[in-house]
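S.K.: starting from these lines, generate the structure:
(chains A and B)
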There are 2 protein chains.
Amino acid sequence: MEHTPGPTTSASADAVLPDAVVDLLGVLAYGELTAFIRMAVDCDLAPTLALKSSMGRLATVDFEHYGQLVDHMRERGIDPEAAMAPFVAPIASYHERTRPRGWLEGLVKAYVGEGIAKDFYREMSALVDEQTRTVMHRALEDGGHSDFVVEIVRDTIRTDRTAAGRLALWGRRLLGEALSQAQAVAVERDAMSALLVGGGVDLGEVGRMFTRLTDNHQRRMARMGLEA
Amino acid sequence: MEHTPGPTTSASADAVLPDAVVDLLGVLAYGELTAFIRMAVDCDLAPTLALKSSMGRLATVDFEHYGQLVDHMRERGIDPEAAMAPFVAPIASYHERTRPRGWLEGLVKAYVGEGIAKDFYREMSALVDEQTRTVMHRALEDGGHSDFVVEIVRDTIRTDRTAAGRLALWGRRLLGEALSQAQAVAVERDAMSALLVGGGVDLGEVGRMFTRLTDNHQRRMARMGLEA
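M.R.: Numbers count the residues shown, from 1 in each chain, chains lettered A, B, ... in the order given. Model (predicted):
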């Protein structure tokens, strides 16, 4: 793959997309596909039919987003499989290292892990052409389908302080693994790092971005009643 | 749950649904939810991203059907969870006894197992009120999303005769397990058996129904190039 990073916000719809944008669409699409599978698998852990449904709904929303991203890539002349391929290993590694031990961990992962990833993609979407940004933003909407998680976790920890401590640790682990995978991807994919720098983002701004990601993470944990 | 079986084809939209129809909607809905989860899990086994997508699409179609059935039950004043509850154990048992050992078995199961189940529900839909029948038929459509299975299996067995033999046995096993679970359900649920008999279906007709199920199964196997 050739590397043609550079300013991208002025790209027209017909323009060949820079590699960084291809990377971004590829990693986002594969992330959605994998999240779909992992959440569907975690449906099995749900203790009630209503919760299986809620988790299933969350999973299928990610699959719809995956489909939209694949369609967008095809329209723009990008081979979706080639775009996703470099991210199969790092995303598998993230999920391997954060395999939930039980329903509650799966639930918190669906809320917190997805939250961090989506914040990151939202930050990156500021650096791409408008059409891609629109597609990315649509793929990052969850339509409030993850709100049920907050309520369940709050209810659980009200009566189970051990769970509260365990889930707080789990949330920290998820943040760490997500950030370290993001960093591994950035190091590996020159184009993606170049998007940040080429997009006029200085290192101070990158630092501030990570601060924002962490702040949002803490807000999500607080919403569930968990220490970050 | 009280048992009020009887002729159902004349039921108006506002009428209380007979238990047998509640059972039928419950088992179909839970079957779709479980098929969604199992197929999503089997996405993990798919050797390429394109196949993960195709299997994922098949899974989400089942989840959509599940949602439609749940909506229909709520509209008709049926508690979906109560309606599904009696079928959790038999459906879990079917999937437990037919856990695919590898991608190809998962693929054949998605085509053959779903095919048998859907044929059965289509037969049963002849005995219910029109509104329920419409909802059931919509839930039984797969929009051709399972067609990719036929092509892959045909391609595989062209070069791998061991796979052909193994998958032929697997198909027979799926048929046996599906029919024996259907029978277990029918014996357990008086209302469901009563629907057949109360709907004016004599035992000879039940026998012919099973013959039709088996014939359709053989046609599906033949389409994949497998001996039934």
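S.K.: contacts, neighbours, all on C-alpha from now
M.R.: Fine.
S.K.: for the helix or strand hosting A:Thr156, packing partners?
M.R.: Element membership for A:Thr156 (DSSP states H and E) is helix A:147-159. Judged by 3 or more Cα pairs under 8 Å, 6 or more residues apart in numbering or on different chains; DSSP states H and E, helix A:147-159 is in contact with helix A:103-108, helix A:161-188.
S.K.: mind checking which of those is nearest chain B?
M.R.: Closest approach to chain B among the helices and strands packed on helix A:147-159 is made by helix A:103-108 (14.8 Å; Cα to the nearest Cα).
S.K.: quick one: distance of the following helix or strand past that closest one to the chain centre.
M.R.: With elements assigned by DSSP H and E, the helix or strand that comes after helix A:103-108 is helix A:114-125. Distance of helix A:114-125 from the chain centroid (Cα atoms, centre = their mean, to the nearest Å) equals 6 Å.
S.K.: so which elements touch helix A:114-125?
M.R.: Helix A:114-125 packs on helix A:19-43, helix A:130-140, helix A:161-188, helix A:203-223, going by 3+ Cα pairs under 8 Å, 6+ apart.
S.K.: same for the third one, what does it pack against?
M.R.: Applying 3+ Cα pairs under 8 Å, 6+ apart, we find helix A:161-188 packed against helix A:88-97, helix A:103-108, helix A:114-125, helix A:147-159, helix A:190-198, helix A:203-223.
S.K.: how about the shortest one?
M.R.: With contacts taken as 3+ Cα pairs under 8 Å, 6+ apart, helix A:130-140 sits against helix A:49-75, helix A:114-125.
S.K.: lowest mean pLDDT across the helices and strands packed on helix A:161-188, which one is that?
M.R.: Mean pLDDT per stretch puts helix A:190-198 lowest among those, at a mean of 72.
S.K.: measure A:Ala92 to B:Arg57 for me?
M.R.: Relative to B:Arg57, A:Ala92 is positioned 20 Å away (Cα to Cα, to the nearest Å).
S.K.: ok so, going back, most packed of the helices and strands packed on helix A:147-159?
M.R.: Most buried of these, by mean neighbour count (mean count of other Cα atoms under 10 Å in any protein chain shown): helix A:103-108, with a mean of 21.
S.K.: what does chain A put close to chain B?
M.R.: Within chain A, the positions adjacent to chain B are A:33, A:36-38, A:40-41, A:43-44, A:49-50, A:53, A:56-57, A:60, A:63, A:81 by Cα under 8 Å from any Cα of the partner chain.
S.K.: now list the buried members of the residues you listed.
M.R.: A:33, A:36-38, A:40-41, A:43-44, A:49, A:53, A:56-57, A:60, A:63, A:81 (16 or more other Cα atoms under 10 Å in any protein chain shown).
S.K.: and those, which is closest to A:Thr134?
M.R.: A:Phe63 (17.6 Å; Cα to Cα).
S.K.: wait, doesn't the closest one sit right on A:Ala29?
M.R.: No: the criterion here is Cα atoms under 8 Å, and A:Phe63 misses it with A:Ala29 at 9.1 Å.
S.K.: what residues are up against the nearest residue to A:Leu51 once chain neighbours are set aside?
M.R.: Nearest non-adjacent residue to A:Leu51, counting by Cα to Cα, 6 or more residues apart in numbering or on different chains: A:Cys43, 7.7 Å away. Listed by Cα atoms under 8 Å, 6 or more residues apart in numbering or on different chains, the contact set of A:Cys43 reads A:Leu51, A:Lys52, A:Ser53, A:Met55, A:Gly56, B:Ile37.
S.K.: so the fourth one makes contact with A:Arg38?
M.R.: No: under the contact definition of Cα under 8 Å, A:Met55 does not touch A:Arg38, with a separation of 10.4 Å.
S.K.: can I get the CA coordinates of stretch A:88-107 in PDB?
M.R.: The C-alpha coordinates for stretch A:88-107 follow below in PDB (Å, rounded to 0.1, in the frame of the first residue of the first chain):
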ATOM      1  CA  VAL A  88      -7.400  -8.200  12.500                       C
ATOM      2  CA  ALA A  89      -4.500  -9.000  14.800                       C
ATOM      3  CA  PRO A  90      -4.500  -6.000  17.100                       C
ATOM      4  CA  ILE A  91      -8.300  -6.100  17.600                       C
ATOM      5  CA  ALA A  92      -8.200  -9.900  18.200                       C
ATOM      6  CA  SER A  93      -5.500  -9.200  20.800                       C
ATOM      7  CA  TYR A  94      -7.500  -6.600  22.600                       C
ATOM      8  CA  HIS A  95     -10.500  -9.000  22.800                       C
ATOM      9  CA  GLU A  96      -8.300 -11.900  23.800                       C
ATOM     10  CA  ARG A  97      -6.800  -9.800  26.700                       C
ATOM     11  CA  THR A  98     -10.200  -8.600  27.800                       C
ATOM     12  CA  ARG A  99     -12.300 -11.700  27.700                       C
ATOM     13  CA  PRO A 100     -15.100 -11.100  30.200                       C
ATOM     14  CA  ARG A 101     -15.400 -13.600  33.100                       C
ATOM     15  CA  GLY A 102     -19.100 -13.400  33.400                       C
ATOM     16  CA  TRP A 103     -22.100 -11.400  32.400                       C
ATOM     17  CA  LEU A 104     -21.300  -8.200  34.400                       C
ATOM     18  CA  GLU A 105     -17.800  -7.900  33.000                       C
ATOM     19  CA  GLY A 106     -19.200  -8.400  29.500                       C
ATOM     20  CA  LEU A 107     -21.700  -5.600  30.200                       C
END
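S.K.: buried residues in that stretch?
M.R.: Buried residues in stretch A:88-107 (16+ other Cα under 10 Å): A:Pro90, A:Ile91, A:Tyr94, A:His95, A:Thr98, A:Pro100, A:Leu104, A:Glu105, A:Gly106, A:Leu107.
S.K.: tell me the contacts of the third one?
M.R.: A:Tyr94 sits next to A:Glu177, A:Ala178, A:Gln181 when contact means Cα under 8 Å, 6+ apart.
S.K.: tell me the pLDDT of the last one.
M.R.: What that stands for is A:Gln181. Looking at A:Gln181, the pLDDT reads 84.
S.K.: wait, it sits on A:Ala89?
M.R.: No: taking contacts as Cα under 8 Å, A:Gln181 lies outside contact range of A:Ala89: 10.1 Å.
S.K.: and the gap between the residue of chain A most remote from its centre and B:Leu33?
M.R.: For chain A, the residue at maximal distance from the C-alpha centroid (Cα atoms, centre = their mean) is A:Thr159, at 30.7 Å. Per Cα to Cα, A:Thr159 is found 31 Å from B:Leu33.
S.K.: next one: A:Gly204 from chain B, what distance?
M.R.: 37 Å (Cα to the nearest Cα, to the nearest Å).
S.K.: which residue sits closest to A:Lys109 in space, ignoring its chain neighbours?
M.R.: A:Leu174 (7.1 Å).
S.K.: can I assume that neighbour is in contact with A:Arg97?
M.R.: No: A:Leu174 is beyond contact range of A:Arg97, at 9.0 Å (criterion: Cα under 8 Å).
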